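S.K.: This is a predicted model, with the sequence first.
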Amino acid sequence: MPIRAEARALYPTNWRELSKRIRFERAGNRCEWCGAENYQPHPVTGSKVILTVAHVDHDPTHNDEENLAALCQRCHLRHDAKEHASNARRTRARKSGQLELFTESWDATVEESVFAGRRG
């Protein structure tokens, strides 16, 4: 997957070489999770496989080789699905002008004080 411009600084300067080593030397030009061969039709989707390197823990600053996996598009997109859905929700909320009112750190006492005057 292409590196987003805003995340580029999080990757090491030797990312291209590291990615190439993971894809070709370690993974043998195949998806490490499903075995799909690079540049060949995917056995499930039929689309041309283009291997990418994923951060298993989703942290682009954690570039130890055991945290990296050579993945086909299908496996990489499945691995990132929750993150993509979360990003899409935030983007839609931002574009619609809505604030994120509920967060994990929402304090019930704040909720009570905000909504106390609205009950009625």
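M.R.: On my side now, so go ahead. Residues are numbered from 1 along each chain as shown.

S.K.: only C-alpha atoms for contact and neighbour calcs from this point on.
M.R.: OK.

S.K.: in this structure, what spans have low per-residue confidence?
M.R.: Residue ranges of the chain with pLDDT under 70: 1-2, 98-120.

S.K.: all helices in it, in order from the N-terminus.
M.R.: Secondary structure of the chain by DSSP state H: the helices cover 15-20, 73-79, 81-96, 108-115.

S.K.: Quickly compare those helices and say which is most buried.
M.R.: Highest mean neighbour count among the helices of the chain (mean count of other C-alpha atoms under 10 Å): helix 73-79, with a mean of 17.

S.K.: Can you name the residues in contact with that one?
M.R.: 1, 33-34, 49-52, 54 (C-alpha atoms under 8 Å, 6 or more residues apart in numbering).

S.K.: looking at those residues, which has the most residues close by?
M.R.: residue 51 (29 neighbours; other C-alpha atoms under 10 Å).

S.K.: Was I right to think that one contacts residue 42?
M.R.: No: under the criterion of C-alpha atoms under 8 Å, residue 51 makes no contact with residue 42, lying 10.9 Å away.

S.K.: if I look at residue 22, how far off is residue 28?
M.R.: Plainly put, residue 22 is 8 Å away from residue 28 if you go by C-alpha to C-alpha, to the nearest Å.
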